[in-house]
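Visitor: attaching a predicted model along with its sequence, questions to come.
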Amino acid sequence: MVVIRAHASEKASRLLEENVITLIVERNATKHQIKRFLEERLGVKVVEVRTLITSKGEKKAYVKLAPGFNARDLAVKLGTV
């Protein structure tokens, strides 16, 4: 399992409007693995994945979805919103 959980914060909520979902992922997961996981398991089309390591040592991924896919719907499906 590449995705640990969806990340809920004020910034993450704002990014949903730009069709970007924020996720906490496994520390050793690559951008390609994150993209493949979301496309195969959740049935969405991913345009871009950006990652960073937080000050808590967690890996955070900002995933931009293709037009036609709704980040807010995915967040609801993952239990964030």
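Guide: Yep, that arrived. Numbers count the residues shown, from 1 in each chain.
Visitor: okay, now the unreliable bits of the protein?
Guide: The chain contains residues with pLDDT under 70 at 81.
Visitor: hey, which helix is longest across it?
Guide: The residue-count maximum for a helix in the chain (DSSP state H) belongs to helix 31-41.
Visitor: by contact count, what packs against that one?
Guide: Secondary-structure packing of helix 31-41 (3 or more CB pairs under 8 Å, 6 or more residues apart in numbering; DSSP states H and E): strand 3-6, strand 46-53, strand 59-65. C-beta: built from backbone N, CA, C; applies to glycine.
Visitor: most tightly surrounded among those?
Guide: Scoring these by mean neighbour count under mean count of other CB atoms under 10 Å gives strand 59-65 as the most buried, with a mean of 19.
Visitor: could you dump that strand to CSV, C-alpha only?
Guide: The C-alpha coordinates for strand 59-65 follow below in CSV (Å, rounded to 0.1, in the frame of the first residue of the first chain):
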residue,chain,number,x,y,z
LYS,A,59,6.4,12.0,3.0
LYS,A,60,3.6,14.2,1.6
ALA,A,61,2.4,14.0,-2.0
TYR,A,62,0.5,16.7,-3.9
VAL,A,63,-1.3,14.9,-6.7
LYS,A,64,-2.9,17.0,-9.6
LEU,A,65,-5.7,15.1,-11.3
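Visitor: downstream of that strand, the next helix or strand is which one?
Guide: Using DSSP states H and E, the next helix or strand after strand 59-65 towards the C-terminus is helix 71-78.
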